[in-house]
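K.L.:
Mind looking at a prediction? Sequence and model below.
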Amino acid sequence: MTPALPVSAHDLLGGRLALDFVNTVEPRTGRGQHDYLPDYGAFAAWSGHAGAITADESAGLEAAASEHAERSAAIWRRAIATREVLYRLFLAQAEGRAPQAADLAVLTRAVARAQRRALLTADGGAIRWTWDSPLDLERPLWDVLTSAVEILTTDDASRLGVCRRGIDGCGWLFLDATKNRSRRWCGMADCGTRAKARRLTERRQQARHQSTARSSGPSQAP
């Protein structure tokens, strides 16, 4: 992979936290890939960038990681492995394929580990899930896993789409919120624009070829 880009440059186009997480490799297929999460510090910073935690929480996790380098590195490696598992699971859903049992088993174990830290709390009369240790180094991964399960176990799974791979698309995943489920690109600013430009170029080339063919055709004698 090429050198990582800053997390602030990562476009959040997936529509759900877990989808943005698996999209931290750009493009998802082909050469010249950038990884936005080269270490634990970037993972914590990205979690703040994505809105899963606050800026203060992100800074606190980055500081804690510098004090616990070995543990933070192990958590980062687990997060990256989980990212690839989630990508395969989401992609299978988007393409109408059955998920791999091994990937589901990995996700099951990861979710069970996270749920041991989950608590039901009352906030202004509303009951919601929270974590027993918000500044634990594993916290960013817990939020991603919660989002992933919500996608895979609800109607969201049927709305998963993949940015067309190949000459135009990047392979990123997204939640298609359109009524007729017609979304084809992660975003029009990049992949969609490239596709439109390519189609316009192809139409112009075709028109020029047709014009040339007509002008070079056999002339009729008077």
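P.N.:
Alright, I've got the coordinates. Residues are numbered from 1 along each chain as shown.
K.L.:
Any stretches of the chain with poor pLDDT?
P.N.:
1-4, 165-168, 188-190, 192-222 (pLDDT under 70).
K.L.:
if we go to 90?
P.N.:
For the chain, applying pLDDT under 90 flags the ranges 1-6, 9, 26-33, 123-125, 128-130, 133-135, 163-171, 177-222.
K.L.:
quick one, strands of it?
P.N.:
Along the chain, counting by DSSP state E, strands occupy 25-26, 34-35, 118-123, 126-131, 160-162, 173-175.
K.L.:
what's in contact with the fifth one?
P.N.:
Right, strand 160-162. Contacts of strand 160-162 with the rest of the structure, by C-beta atoms under 8 Å, 6 or more residues apart in numbering, involve 19, 90-91, 93-95, 151, 169, 171-176, 181, 183-184. (Each C-beta comes from the backbone N, C-alpha and C, glycine too.)
K.L.:
ok, now with 7 Å
P.N.:
F90, L91, Q93, A94, E95, G171, L173, F174, L175, D176, R183 (C-beta atoms under 7 Å, 6 or more residues apart in numbering).
K.L.:
ok, back up a step: and the strands of the chain: which comes nearest E57?
P.N.:
Closest to E57 of the strands of the chain is strand 126-131 (C-beta to C-beta; 10.7 Å).
K.L.:
What residues sit buried inside the closest one?
P.N.:
W131 (16 or more other C-beta atoms under 10 Å).
K.L.:
for stretch 74-87, same thing?
P.N.:
Within stretch 74-87, judged by 16+ other C-beta under 10 Å, the buried ones are I75, W76, A79, I80, T82, R83, V85, L86, Y87.
K.L.:
For it, output the C-alpha coordinates as PDB.
P.N.:
C-alpha atoms of stretch 74-87 as PDB (Å, rounded to 0.1, in the frame of the first residue of the first chain):
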ATOM      1  CA  ALA A  74      -2.500  -5.700  19.600                       C
ATOM      2  CA  ILE A  75      -5.900  -4.000  19.600                       C
ATOM      3  CA  TRP A  76      -5.000  -2.300  16.300                       C
ATOM      4  CA  ARG A  77      -4.100  -5.600  14.700                       C
ATOM      5  CA  ARG A  78      -7.400  -7.100  15.800                       C
ATOM      6  CA  ALA A  79      -9.300  -4.100  14.500                       C
ATOM      7  CA  ILE A  80      -7.600  -4.400  11.100                       C
ATOM      8  CA  ALA A  81      -8.400  -8.100  11.000                       C
ATOM      9  CA  THR A  82     -12.000  -7.400  11.900                       C
ATOM     10  CA  ARG A  83     -12.200  -4.700   9.200                       C
ATOM     11  CA  GLU A  84     -11.400  -7.300   6.500                       C
ATOM     12  CA  VAL A  85     -13.900  -9.800   8.000                       C
ATOM     13  CA  LEU A  86     -16.600  -7.100   8.000                       C
ATOM     14  CA  TYR A  87     -15.700  -6.100   4.400                       C
END
